[in-house]
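> mind folding the following:
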Amino acid sequence: MRLYRYILFFLFIPGFIGCDKDAEININSNDSVIKTEIIARINLTMKHEDVISKSTTVDDNVISNVNILVFDVNGNLLKNYYFENPSSMTISCSSGYKTIVAVANVGDIGFSSYTTIGNLRNAVTSNMTNSLDQCIMAGEKCFNLTNSGSITIEMIRLLSKITVVFNKEQLDEGTNVTIRDIRLRNVPSFCRLLSDNTPVTSSDISEYGDFIDANLEPSDHPYATPLYMFENMQGDIGYTTNESQKSPGDSYPVCSYIEISADYTNEVREGIIKYRFYLGNNITNNFDVIRNKWYQLNVVFREDAINEVSWRIDTSEINDVMYRIDVVAQPISGGSVEGAGYYKFNSVPDLSATPHTNYTFTGWSPSIAPVTRDMTYTANFQYIDPTVYVTGVTLSKDTLNLNSGSSGNLIANVLPINANNKSVVWSSSNPNVASVDQSGNVVGLSAGTASITVTTNDGGFTASCSVKVFRIIKLYFHVVRTAKVVFKSDDGGYWYLTEPMRDDIYVRSNSPEGIPGTISYFIEWAYDPSSGFPPPEYTSATKAIIIFNTLNKLLESGSAWGNDTDFNMNYPSITVTAVSPSIMANPPTKIIVDQDMNTYQYNETGK
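The predicted structure follows:
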């Protein structure tokens, strides 16, 4: 909706047509006088717009003084006038095409310095009103002054008007949004009198503009207190069709928006929330704020009034509502309670109740439920006979496997848990195989089986664990490396290899007895890529062995492929893939490979 004011000029000049060139004057030989200067009487009338006169700080419906400027067809200033009483104005003007400009409510500011229409159109003002809070207006129109008649110029306010109305009917029950203030942000610092006002950089913008903190929730726009700002023509930016994605991108510093601060409360959260909306001629991608235009912002709050968390809806000052939960014991001597404090809405209180001696916990009153309000919970305790007799015992394990020399632990669980006398006695059926102390610590002594039993002193209840102790037989490797060397007298003399070093790999054991078996393996022979030799192939095989402490079986022989002076090459890598047998039943035996026991021997020939 465009809002106009009008200045009406009454000129004693015949007719009015377009404004393209000066009127031609025809001289008749019968005329004794040719009149080229016309005296005009100007009367000022106003078109009243009641709907825009609701502000208590800006009077946007009054014209108290007018500057009139007349420009010729070339845009040069012919005359300028100042009228303190706009109701009666008279000017004199030559006939022909003229541009007449009217500027209202600025006082007599010496417009004679604007010698061309171009200078005037680009003239700027940083004042939205005069000292009487009257809105500054301007207008221009082109005429061909030939006959008497009236001239009407539309007077356009330099300001845009913004009002906000809120609808809270769709808010969730218990959710309250109370407006604190409404403010314009990123508003132009100045405005051109007659040309489009388009700030270019942030230096042309004031970060904070007009604001109100009263009459914040009117019933309708005609009753709202307006906010005012200079025109800001930024045009269309982007192509979004989604209101929530409206964004000026890099033009953010020069695009105007409205910011609404409100107190927010509901059962879940509370604090200060801010809503922001970019102004424009649509809600998606236009950012024009046009002078003399009334922008009516209708804000509808739905559900919890927070349908997104973004620049548009700032919840950084919103906090969770905390509810007080208290706990008491009944009776007080019955036990201790924990968990009192503040909890979020709909969270479940983390409460605990610990009975004192001779009491038992019977439950909470009321039953623990998600938090919706402040609440006090009572932990109920019941006194019981202090004598609690043992009804049974269990062990933490039914079976336990140990290597000879290793240990394990058994835990006795005397039932019930609150029995008065929980003392127990531990025993072993075969103490030469496995021993146990009175803390339940079991030590494997030799290969075999034993039963560890715990007996309660109260009632003689028992529980047993079957223990199997394994002897450990280990296999390991002995590597013999032989290097054939020769001394070379060049470069001060040094020793070098005449051929790749030879690695012989033997398998050994610590077994006290001969056990037939097999060992499967693969060997990666020592290799230095810088030697120039091709990588050697790895060796894999399965060999039969007699596992005995005299075992010294040669498994494989290979070469260490390196440079002729590399005496410190790594030894071959041996990976065992299987040993058979790995477990024997009688006596319980485990056969493992322990390469931490490997031994290495280095021999040289030629020195």
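
> only C-alpha atoms for contact and neighbour calcs from this point on.
Noted.

> now do the helices in the stretch 101-250 of the chain.
Counting by DSSP state H, counting those that start in this stretch, the stretch 101-250 of the chain has these helices, from start to end: 117-121.

> so residue 507 makes contact with residue 477?
Yes - here residue 507 reaches residue 477: they are 4.6 Å apart, a contact under CA atoms under 8 Å.

> comparing these two, which shows the higher neighbour count?
Remark: of residue 507 and residue 477, residue 477 carries more neighbours, 23 against 19, as counted by other CA atoms under 10 Å.

> how about that one, what does it touch?
Contact analysis of residue 477 by CA atoms under 8 Å, 6 or more residues apart in numbering lists 505, 506, 507, 508, 595, 597, 598, 599.

> one more time with 6 Å, if that's ok
Contact analysis of residue 477 by CA atoms under 6 Å, 6 or more residues apart in numbering lists 506, 507, 508, 598.

> nearest spatial neighbour of residue 201, skipping sequence neighbours?
Distance criterion CA to CA, 6 or more residues apart in numbering; nearest residue to residue 201, sequence neighbours excluded, is residue 254 at 6.5 Å.

> same check on residue 401?
residue 468 (4.9 Å).

> then residue 77?
That would be residue 71: by CA to CA, 6+ apart, it lies 4.4 Å from residue 77.

> ok, how many other residues are close to residue 209?
Neighbours around residue 209, by other CA under 10 Å: 20.

> from what I see, it and residue 188 are in contact.
No - judged on CA atoms under 6 Å, residue 209 makes no contact with residue 188 at a distance of 8.6 Å.

> just the buried residues of the contacts of residue 477.
With burial judged by 16 or more other CA atoms under 10 Å, the buried subset of these is 506, 507, 508.

> quickly list what the first one is bridged to.
Here residue 506 sits in beta bridges with residue 478, residue 554, going by DSSP bridges.

> please name the residues that touch it.
477, 478, 552, 553, 554, 555.

> burial count for the residue nearest to residue 201?
26.

> again with residue 568
Using other CA under 10 Å: residue 568 sits among 7 other residues.

> now the one 4 residues further on
Per other CA under 10 Å, the neighbour tally for residue 572 reads 19.

> next one: it from residue 518, what distance?
21 Å (CA to CA, to the nearest Å).

> ok, residue 450 next?
From residue 450 to residue 518 the distance is 31 Å (CA to CA).

> these two: which has the busier surroundings?
For the pair residue 450 and residue 518, the greater number of neighbours falls to residue 450 (21 against 16), based on other CA under 10 Å.

> distance of that one relative to residue 463?
14 Å.

> following element in sequence after the helix or strand hosting residue 301, please.
Element membership for residue 301, per DSSP states H and E: strand 294-303. Next along the chain after strand 294-303, taking DSSP H and E as the criterion, comes strand 313-320.

> rounded mean pLDDT for that following strand, please.
The average pLDDT within strand 313-320 is 93.

> can you show me the strands along the stretch 251-400 of the chain?
257-265, 269-278, 294-303, 313-320, 322-330, 335-338, 341-344, 352-355, 359-365, 375-383, 392-395, 399-403 (DSSP state E, counting those that start in this stretch).

> extract the C-alpha trace of stretch 479-488 and format it as PDB.
Included here for stretch 479-488 are C-alpha records, laid out as PDB according to Å, rounded to 0.1, in the frame of the first residue of the first chain:
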ATOM      1  CA  VAL A 479      69.500 -70.100  15.200                       C
ATOM      2  CA  VAL A 480      73.100 -70.600  14.100                       C
ATOM      3  CA  ARG A 481      74.500 -68.000  11.700                       C
ATOM      4  CA  THR A 482      77.700 -68.700   9.800                       C
ATOM      5  CA  ALA A 483      79.600 -66.000   8.000                       C
ATOM      6  CA  LYS A 484      82.500 -66.600   5.600                       C
ATOM      7  CA  VAL A 485      84.700 -63.500   5.600                       C
ATOM      8  CA  VAL A 486      87.900 -62.200   3.900                       C
ATOM      9  CA  PHE A 487      90.000 -59.200   4.700                       C
ATOM     10  CA  LYS A 488      90.400 -56.500   2.000                       C
END
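
> now it: buried residues?
479, 480, 481, 482, 483, 484, 485.

> check contacts around the third one.
Under the criterion of CA under 6 Å, 6+ apart, the neighbours of residue 481 are 502, 503, 602.

> what's the burial count for residue 435?
Neighbours around residue 435, by other CA under 10 Å: 21.

> partner residues bridging it?
Residues in beta-bridge contact with residue 435 (DSSP bridges): residue 443.

> low pLDDT regions in the stretch 51-200 of the chain?
51-58, 148-149 (pLDDT under 70).

> quick revisit: let me see the mean pLDDT of the helix or strand where the residue nearest to residue 401 lies.
Secondary structure assigned from DSSP H and E places residue 468 in strand 462-488. Averaged over strand 462-488, pLDDT sits at 95.

> coming back round to it: which one, of the strands of the stretch 251-400 of the chain, ends up nearest to residue 139?
Closest to residue 139 of the strands of the stretch 251-400 of the chain is strand 294-303 (CA to CA; 18.2 Å).

> how far is the closest one from where the chain is centred?
With CA atoms, centre = their mean, to the nearest Å as the basis, strand 294-303 stands 28 Å off its chain's centre.

> same deal with stretch 551-564?
That offset, for stretch 551-564, works out to 62 Å (CA atoms, centre = their mean).

> do stretch 377-396 as well
Using CA atoms, centre = their mean, the offset of stretch 377-396 from its chain centre is 50 Å.

> what's the average pLDDT for that stretch?
pLDDT averaged over stretch 377-396 gives 93.

> name the residues of it that are buried.
Here stretch 377-396 shows 377, 378, 379, 380, 381, 390, 392, 393, 394, 395 as buried, counting by 16+ other CA under 10 Å.

> for stretch 271-291, same thing?
271-280, 283-291.

> surely residue 556 is in contact with residue 503?
No - between residue 556 and residue 503 there is no contact under CA under 6 Å: 8.3 Å.

> returning to what we had before: so in terms of bridging, what pairs with the residue nearest to residue 77?
The partner residues for residue 71, given DSSP bridges, come to residue 77, residue 99.

> residues touching it, list them.
77, 78, 98, 99.

> likewise for residue 185?
Residue 185 touches 207, 208, 209, 256, 257, 258, counting by CA under 6 Å, 6+ apart.

> please repeat the previous calculation with a cut-off of 7 Å.
207, 208, 209, 256, 257, 258, 259 (CA atoms under 7 Å, 6 or more residues apart in numbering).

> the residues you listed into TSV, with extra columns for distance to residue 156 and pLDDT?
As requested, the contacts of residue 185 are exported to TSV (distance: CA to CA, whole Å; pLDDT from 0 to 100):
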residue	distance to residue 156	pLDDT
207	25	95
208	24	95
209	21	94
256	21	95
257	22	96
258	23	96
259	27	96
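
> of these, buried ones?
The buried subset of the contacts of residue 185 (16+ other CA under 10 Å) comprises 207, 209, 256, 257, 258, 259.

> beta partners for residue 185?
Applying DSSP bridges, one finds that residue 185 bridges with residue 208, residue 257.

> show me the domain layout of this structure.
Here the domain assignment for the chain is 5-157, 159-320, 322-383, 392-472, 473-605, based on automatic domain parsing.

> ok now the second one, how far from the chain's centre?
Taking CA atoms, centre = their mean, the mean C-alpha location of domain 159-320 is offset from the chain mean by 24 Å.

> ok, now the shortest one?
Taking CA atoms, centre = their mean, the mean C-alpha location of domain 322-383 is offset from the chain mean by 36 Å.

> any idea how far apart the tips of it sit?
Start-to-end, domain 322-383 (CA to CA) is 35 Å.
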